[in-house]
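# Predicted model follows, preceded by the sequence.
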Amino acid sequence: MSGIEKNSKTIAGLMGNYDINKDAISLEMTVCQTRLNLIKQSVKGRSKSSIRSLIREIRQYRGERNWLSKKPPPASQGAAWHLYERLNGLIEELKHFQDDQRFGG
């Protein structure tokens, strides 16, 4: 999980100058999406659902879409902050999940 924590810190640092760092933020989101896909395989329940939802939002932010969906809105600083907040919430959720697994919950 330290990988997505690193992504979160990097995104926070890049957000200070969003207009200049848009491409770097998108790249960091891509790396984060890949890590979340790997983590998704080892969790279940609410955490897995939260990961899926965040991955969908990252894909939309980056301009990806499913073949049936309408074109997503262009990436914005507000959307990037929203993803950053969601990512940090998910990190806390995954820490709780790990604690539950460790203690047999």
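Arrived safely, thanks for sending.
# Mind naming the longest helix for this protein?
If you go by DSSP state H, the chain has its longest helix at helix 77-102.
# Report pLDDT for the spatially most central residue of the chain.
Residue closest to the average C-alpha location in the chain (CA atoms, centre = their mean): Leu87, at 4.7 Å. Here the pLDDT value assigned to Leu87 is 96.
# got it, and the one 5 residues further on?
At Glu92 the predicted local distance difference test score is 93.
# Please report the distance of it from Asp99.
11 Å (CB to CB, to the nearest Å). Where you see a C-beta, it was placed from the backbone N, CA and C, and this is true even at glycine.
# number of nearby residues for the nearest residue to Ala79 once chain neighbours are set aside?
With CB to CB, 6 or more residues apart in numbering as the criterion, Ala79 has its nearest non-adjacent residue at 5.3 Å, and that residue is Tyr61. With neighbours defined by other CB atoms under 10 Å, the count for Tyr61 comes to 21.
# Equivalent analysis for Gly13, please.
Per other CB under 10 Å, the neighbour tally for Gly13 reads 13.
# now do Gln41
9.
# Next, it: phi, psi?
Note on Gln41: its backbone torsions stand at phi -70, psi -20 [degrees, to the nearest 10].
# do the same with the one 5 residues further on
As for Arg46, its main-chain torsions (degrees, to the nearest 10) stand at phi -60, psi -40.
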